[in-house]
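K.L.:
need a 3D model of the following:
(chains A and B)
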Amino acid sequence: MTTAPPRASLFAIVRALPDTGVDILVRTTRVTASAVRVAGSATATTLDVATRPSPVQASLNVIAMRLEPSRARGAQVRREQGSALAAAGRTVGDATMALVTVVMQYLPLNAILAQVDLNALMANIDLNSLLANVDLNGLLANIDLGPVINSALEQIDIGAVMRESTSGVTVEMRDLGRVGAMNGDALVSRIVDRVLRRREPRQDAVLAT
Amino acid sequence: VTTLRERAAPHLGRRAGIVSRISANALDLVVVFVIYFAALITFAGVRFIATPKPLSMPHPPNWVSAIVLVAIEIFYLALGWSGERVTFGKGLVGLRVLSDHGQPISFWRGLVRAVVCTIIGGPLLLWAAVSKRNAALYDYPLKTAVVYEWRGR
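P.N.:
Residues are numbered from 1 along each chain as shown, chains lettered A, B, ... in the order given. Purely as a prediction, here's the structure:
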């Protein structure tokens, strides 16, 4: 025969509330502490795993260490082959220049240049447009012409130049007068010979001794 | 472009015509007058230094001036035509007096030529315009010729 559970009164429930609250608080605290511990342990594990070299990394390090001597030998070989290649390049370059020099000696450069119409080339060049792009004023502004002119004038014997030019003008005038007199002689001779109906030229050469 | 000398080259050594010769003679005549006036000035200076007379140009009679001028011209031309020399006028125009064989003439032949030229040279020179050899009338007996010869540079 089953006995009915005792019926709890409201009063009893109210009296049990403080103990229940304390128990719940204690249990909650324990659960929280346990959770904190678990979380801390997990964090530590994670950090440990993260900082500890993985097996793969360790394997790679071992492989790298084993490969280092081979890598060093390969680099040395590569440097030596590079030097040899550069030396070979210089040798080939020198030989090519020597060959070109020999070929240039046998090329008929004068004949080739003689066939180049430099006048036609120059005619195609518009010097005016080229010079229009040159800022002569700017160039001259950057040149201190004073010392240049002084240096040039120091090397010129102005007196000699003046004497030479004056003498040259005088000689030119004298020769001009002489040629004028010669032309006058020829003109008079032609007129007289025409009047006298002479056909032979004048025998104006002095007799040979 | 041919230079003046290149244009003249074919004529050098040949007998000169009348225009060149008259030009040279005119220049030589100027030189004779210059020499005469230089002589007058020299005479005035010497007289001023040597005598108490004031400095003044002498005024010789015309006949004296004529005789002195003729003498100067004869001597000047004789000297300038003979040997390797040339007178100022002929040198400036580019002429020279030679024998008709192309040789320099002697002083005496130059002197005779100068006398003839000074006294009656003008009219006789005109014949050079007509002569086939560009010779003045006095060139025939004296066997002389005036040729183009450019001296100096």
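K.L.:
near chain B, which residues of chain A?
P.N.:
Residues of chain A lying close to chain B by Cβ under 8 Å from any Cβ of the partner chain are A:171-172, A:174-179, A:181-182, A:184-189, A:192, A:196, A:198, A:200, A:202-209. For glycine as for every other residue, the C-beta is placed from the backbone atoms N, C-alpha and C.
K.L.:
list buried residues within those residues.
P.N.:
Neighbour-count burial within those applies to A:174-175, A:177-179, A:181-182, A:184-185, A:188-189, A:192, A:202, A:204, A:206; the criterion is 16 or more other Cβ atoms under 10 Å in any protein chain shown.
K.L.:
nearest to residue A:166 among these?
P.N.:
In terms of Cβ to Cβ, no member of these lies closer to residue A:166 than residue A:174, at 12.6 Å.
K.L.:
before we move on, which element is the residue nearest to the closest one when sequence neighbours are not counted in?
P.N.:
Once flanking residues are discounted, residue A:174 sits nearest to residue B:92: 6.5 Å by Cβ to Cβ, 6 or more residues apart in numbering or on different chains. In this structure, residue B:92 sits in helix B:88-93 according to DSSP states H and E.
K.L.:
now stretch A:198-209: how far from the chain's centre is it?
P.N.:
The gap between where stretch A:198-209 is centred and where its chain is centred comes out at 79 Å by Cα atoms, centre = their mean, to the nearest Å.
K.L.:
can the helix or strand harbouring residue B:70 be said to contact chain A?
P.N.:
Secondary structure assignment for residue B:70, by DSSP H and E: helix B:62-81. No - judged by Cβ under 8 Å from any Cβ, helix B:62-81 makes no contact with chain A; its nearest approach is 15.1 Å.
K.L.:
which residues touch the residue in chain B that chain A sits nearest to?
P.N.:
The minimum distance from chain B to chain A, using Cβ to the nearest Cβ, falls at residue B:17 (2.5 Å). Contacts for residue B:17 (Cβ atoms under 8 Å, 6 or more residues apart in numbering or on different chains) come out as A:182, A:184-186, A:188-189, B:128-129, B:134.
K.L.:
7 Å instead, please
P.N.:
Contact analysis of residue B:17 by Cβ atoms under 7 Å, 6 or more residues apart in numbering or on different chains lists A:185-186, A:188-189, B:128, B:134.
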